[in-house]
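S.K.: Pasted the sequence and its predicted model underneath.
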Amino acid sequence: MAAASTTTSAAAQARIAIIGGGAAGLACARVFTRNQDGTECVVLEKDPSIGGVWNHGLGVASDGDSQSKSTSANNNKDRPMYQGLRTNLPKEIMAFREYPWPAIPSHDPDGPASFVTHRQVQQYLQDYRQHFDLQVMRGQEVQHLKVLKDTISRCSPKIKGNADESWPQVELTWMDNSQETPVETKQTFDAVLVANGHYSLPSMPPLPGLEEHFQGQRIMHSVSYNTPQEFAGQTVLCIGGRASGADIAREIAVTGAKQVYISDAARTTGEVKTLQDESNHAADDAPPSITWVPATVAVGPGGHFQFDHDCPLQPNDIDVVMFCTGYDYSFPFINTESSGLDLETTQRRVTPLYQQLFHAQYPNIAFIGLPHSVLPFPFFEFQAEACRNVWLQGSTSSNFPQLAERLEIAAHDAVAGGEGKAPDAEPRIKNTHYLGAAQWDYCRRMAQLAGLYDESIEAYLRINKEIYDHAGGQRKGFPGGPDHYRKLRYEEITRPKPGAYWELNSLNNNERKERRMVFCLTKTLRRGFFACWTHDSCFFRLPARQEIWEYLGVERKGEFPGGPDHYRATLFDRSHIPGKESFKVVRSLVQELAQAQEAIATKE
């Protein structure tokens, strides 16, 4: 017993450094300070304010953060946030697990929608920091990370007594720029969480002939984009058809650009498509000047841009080329030789890592938030929880593999092409950190490694997946087309209200036709419940389509083939019912509604 007590005490006295005060760094700070077990946690943020990539740099933060003013010249802008940005994920699932998004008042200038502005996200992060009293040292720019190989970290398994392996301590050197005269500081830590983000080093892949033949005015990366007005009357080529390319193209098009081309590497044919041809909307309801083409492969003589798959279109009147091609991973404070840390960051891949998180050789150095195409804030939390359990709770981290196995797994992952890769797709190194639909299983693994996985975590992940998939399905279509999905509003219903929600007696006939029945299930099912509201209707996303499928299969069966097909009268109201017990409740409510409608119709 004495040995166990010593082990726990040693781990509890560990010093943890967090590099970065954005969303990932704040999530780590909360996880490592929650239990107040004696662990010392130092958060180093290079900017004078928190928020990281979400800090657009306008105004003064409500908690007194001193924020720099945005530059007037967009080409000096160093972060991807731009003036008109709204999230493409609803705030209801973007929020940290421990801190639901506070209600946004209706008088908020950015509105109470589920898809929030960067200003609202920045405010949320400030509120999160204040709520949990997270201490962040601002103006602290980390210059160097060094592995102290002759030392033993308190977080190493040898200290915790459950393995022969030991991990060294880590030395950080940083400049304190919060003083009038910068001061260099050097300290030693037992573990380091690298949470410096991955939107600081713009990626601009080479384009043959661009420098020689381009006859336009400007070549830029989307990181420099801030407002669309400067592109009025110009022809713009956006290279990259994912989120930033599509959203920026839309903004530029609706603000008066002469013509906008979206060059998308995902296109598999040379067919030229325009938004006018593809859209069912009226001409005044959709940007008319967006053309969707395949990947840009070269710029030829005369400034003619050439696209893949023998695309017949070769415009030579491009005024602006904007690379919407993402960012490369960057850790300027890590040098393989002087840091004593083997780390490769080329081709958008960080290796060697175990679980895309822990350095395979020295797991007390972790890289938070590298995977992309995920639900970021909760994802950071799960990773931080896994790190805490492995580093500080040796008794429950016995499933953490030994060095040889970690190195083997890291080597495999470095060439496998990412967990989110389609089974029949060729592995691509640059997709190593792509998760997409694989993020949910990844979060389950992190929760298991953290010792947290249970029914409530599973329910949380399932609900998040349903809403994530629904929002993703709504935004699919022509890149740069109308973003009507951002008008959706998701709302959590936590307890039932008495009676049917359709107040029939207070509605006239037209209102009855426009309103839809709202069902409410309690959280006793431990799955949560979300409703998605549009302008005049409400529908639901719940995690068990199988229940509806099975129910209909039973209802269709009968002793006599060709008998009455009463099952076709069942009303699901676009709902996905989470369990048989609750399904009966919903079905009874549907019947109650139908009877009420029939009674009113009879009276009228």
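M.R.: Ah, there it is.

S.K.: in the chain, what spans have low per-residue confidence?
M.R.: Using pLDDT under 70 as the threshold, the predicted model of the chain has low-confidence ranges 1-12, 58-76, 161-163, 278-288, 394-398, 492-560, 562-604.

S.K.: ranges for the helices of the stretch 401-550 of the chain?
M.R.: The residue ranges that make up the helices of the stretch 401-550 of the chain, judged by DSSP state H, counting those that start in this stretch, are 403-416, 439-449, 455-475, 509-514, 545-556.

S.K.: List the buried residues in the third one.
M.R.: This points to helix 455-475. Neighbour-count burial for helix 455-475, counted by 16 or more other CB atoms under 10 Å, picks out 457-468, 470-471, 474-475. Placement of C-beta: from N, CA and C, glycine included.

S.K.: Kindly indicate which of these lies nearest D110.
M.R.: D110 lies nearest to A471 out of the buried residues of helix 455-475, by CB to CB, at 18.3 Å.

S.K.: In contact with the closest one, which residues?
M.R.: Remark: with contacts taken as CB atoms under 8 Å, 6 or more residues apart in numbering, A471 is in contact with N88, L89, P90, Y485, L488.

S.K.: hang on, isn't the first one packed against A243?
M.R.: Yes - at 5.7 Å, N88 and A243 qualify as touching, with contact defined as CB atoms under 8 Å.

S.K.: gap between N226 and M446?
M.R.: Remark: distance between N226 and M446 (CB to CB, to the nearest Å) = 36 Å.

S.K.: and if you look at P202?
M.R.: P202 sits at a distance of 29 Å from M446 (criterion: CB to CB).

S.K.: ok, those two, which is more surrounded?
M.R.: A count of neighbours by other CB atoms under 10 Å puts M446 above the other of P202 and M446, at 23 against 17.

S.K.: which ones are touching the closest residue to the more buried one other than its chain neighbours?
M.R.: In this structure, M446 finds its nearest non-sequential neighbour in F382, 3.9 Å apart by CB to CB, 6 or more residues apart in numbering. Taking CB under 8 Å, 6+ apart as the criterion, F382 is in contact with C443, M446, A447, A450.

S.K.: hang on, the earlier thing: which one of the contacts of A471 is nearest to Q314?
M.R.: N88 (31.7 Å).

S.K.: Wait, a strand at the closest one?
M.R.: No - looking at N88 with DSSP: H, G, I helix; E, B strand; the rest coil, it is coil, so not inside a strand.

S.K.: related to what we said a few turns ago, so the residue nearest to M446 sits in a strand?
M.R.: No - assigned with three-state DSSP, F382 falls outside any strand and is helix.

S.K.: From I368, how far off is it?
M.R.: The value you get for F382 to I368, if CB to CB is used, is 10 Å.

S.K.: Quickly list what K186 is bridged to.
M.R.: According to DSSP bridges, the residues that bridge with K186 are T173.

S.K.: Just give me the neighbour total for it.
M.R.: For K186, using other CB under 10 Å, the count is 11.

S.K.: Pull out the buried residues from stretch 23-38.
M.R.: Judged by neighbour count using 16+ other CB under 10 Å, the buried positions of stretch 23-38 are A23, A24, G25, L26, A27, C28, A29, R30, V31, F32, T33.

S.K.: Name the nearest residue to the third one, ignoring sequence neighbours.
M.R.: Nearest non-adjacent residue to G25, counting by CB to CB, 6+ apart: A195, 4.1 Å away.

S.K.: for the fifth one, same thing?
M.R.: Nearest residue to A27, sequence neighbours excluded (CB to CB, 6+ apart): F380, at 4.0 Å.

S.K.: Could you count how many residues lie near that neighbour?
M.R.: As a burial measure, the neighbour count of F380 was computed by other CB under 10 Å and equals 25.

S.K.: Okay, it and L44: tell me how far apart.
M.R.: To L44, F380 is 17 Å away according to CB to CB.

S.K.: From V142, how far off is I368?
M.R.: In terms of CB to CB, I368 sits 14 Å off from V142.

S.K.: Ok, P80 next?
M.R.: 21 Å.

S.K.: Nearest residue to R388 in space, ignoring adjacent ones along the chain?
M.R.: Computed as CB to CB, 6+ apart, the closest residue to R388 that is not its neighbour in sequence is V31, at 5.4 Å.

S.K.: I meant I334, not that one.
M.R.: On the basis of CB to CB, 6+ apart, the spatially nearest residue to I334 that is not a chain neighbour turns out to be L145, at 5.2 Å.

S.K.: just R444 next, same as before
M.R.: Residue nearest to R444 in three dimensions, not counting chain neighbours: Y453, with 6.3 Å by CB to CB, 6+ apart.

S.K.: same deal with L44?
M.R.: Of all residues not flanking L44 in the chain, Q140 sits nearest, at 4.2 Å (CB to CB, 6+ apart).

S.K.: how deep is the one you found tucked in, by neighbour count?
M.R.: If we define neighbours as other CB under 10 Å, then Q140 has 21 of them.
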